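Chemist: Quick check, what structure comes out for this input:
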Amino acid sequence: RTVNRGSVLYMALEEHPDTVIDSFKMLGLPIDSSLLIHTGRAGAEEIPELEQIIREREPAMVVIDTVGRLRPRNLDMSDYSSTGEWIETFMYMAHESKTCILVLHHDNKEGRNSLGYDAVNSVLGSTVVGATVDQLISIRRNRNGQRAFQTIGRFGDIPETGFELDRETQRLHLTGTRHEQAT
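Modeler: Presented below is the predicted three-dimensional model:
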């Protein structure tokens, strides 16, 4: 799809800086002024600073890997109300700044390999996380070991579609929807 080119802030909150830079280089992405990288620790107390960076730099996209690292330490992720208040911060930040904010989050352990997988109900913590985001992109490993993704949300749904990773090039190759693979 056609996209508006712009700077990207990538927050790798669980990775070593060299790993992140090497990954971008392997993908052929130039490490230049349009790619801002933050690695290392961050917590909920840094959210106001993130909002300020978005206001000042106006990035086209912010990637937070993983958003759980920015939660308040005392947040009970299964509590609908307080988790909703926390995750809504990122939704409103995106809407008010017109910056795409991609937050990576984990599935709960029961949902990952379950039959009848439901992406919204399988998000770690309260269902408010999956229900709040504009578009939920779920990536998981099926019971047969194949990786698949699907989307659910305000911008239309994509059915569960398999993909494989080419380890040499680090590129993804689609293998088809579950329906296409069954026929």
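Chemist: got the CA positions of the host helix or strand of S23 in PDB?
Modeler: In this structure, S23 sits in helix 17-26 according to DSSP states H and E. Listed next in PDB are the C-alpha coordinates belonging to helix 17-26 (Å, rounded to 0.1, in the frame of the first residue of the first chain):
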ATOM      1  CA  PRO A  17      21.500  -1.900  20.800                       C
ATOM      2  CA  ASP A  18      23.900  -3.900  18.600                       C
ATOM      3  CA  THR A  19      21.200  -6.600  18.000                       C
ATOM      4  CA  VAL A  20      18.600  -3.900  16.900                       C
ATOM      5  CA  ILE A  21      21.100  -2.100  14.600                       C
ATOM      6  CA  ASP A  22      22.300  -5.400  13.100                       C
ATOM      7  CA  SER A  23      18.700  -6.500  12.400                       C
ATOM      8  CA  PHE A  24      17.900  -3.300  10.500                       C
ATOM      9  CA  LYS A  25      21.200  -3.600   8.500                       C
ATOM     10  CA  MET A  26      20.400  -7.200   7.600                       C
END
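Chemist: Buried residues, the following helix or strand past that helix. List them.
Modeler: For helix 17-26, the following helix or strand on the C-terminal side (DSSP H and E) is strand 35-39. Burial within strand 35-39, assessed by neighbour count using 16 or more other Cβ atoms under 10 Å, is assigned to 37-39. C-beta: built from backbone N, CA, C; applies to glycine.
Chemist: Next up, identify which helix or strand the closest residue to G176 other than its chain neighbours is on.
Modeler: In this structure, G176 finds its nearest non-sequential neighbour in G162, 6.0 Å apart by Cβ to Cβ, 6 or more residues apart in numbering. Element membership for G162 (DSSP H and E) is strand 158-166.
Chemist: same thing with E180?
Modeler: Going by DSSP H and E, E180 is in helix 178-182.
Chemist: which other helices and strands contact the longest helix seen in the chain?
Modeler: When the chain is scanned for its longest helix (criterion: DSSP state H), the result is helix 80-97. With contacts taken as 3 or more Cβ pairs under 8 Å, 6 or more residues apart in numbering; DSSP states H and E, helix 80-97 sits against helix 47-57, strand 100-104, helix 128-132.
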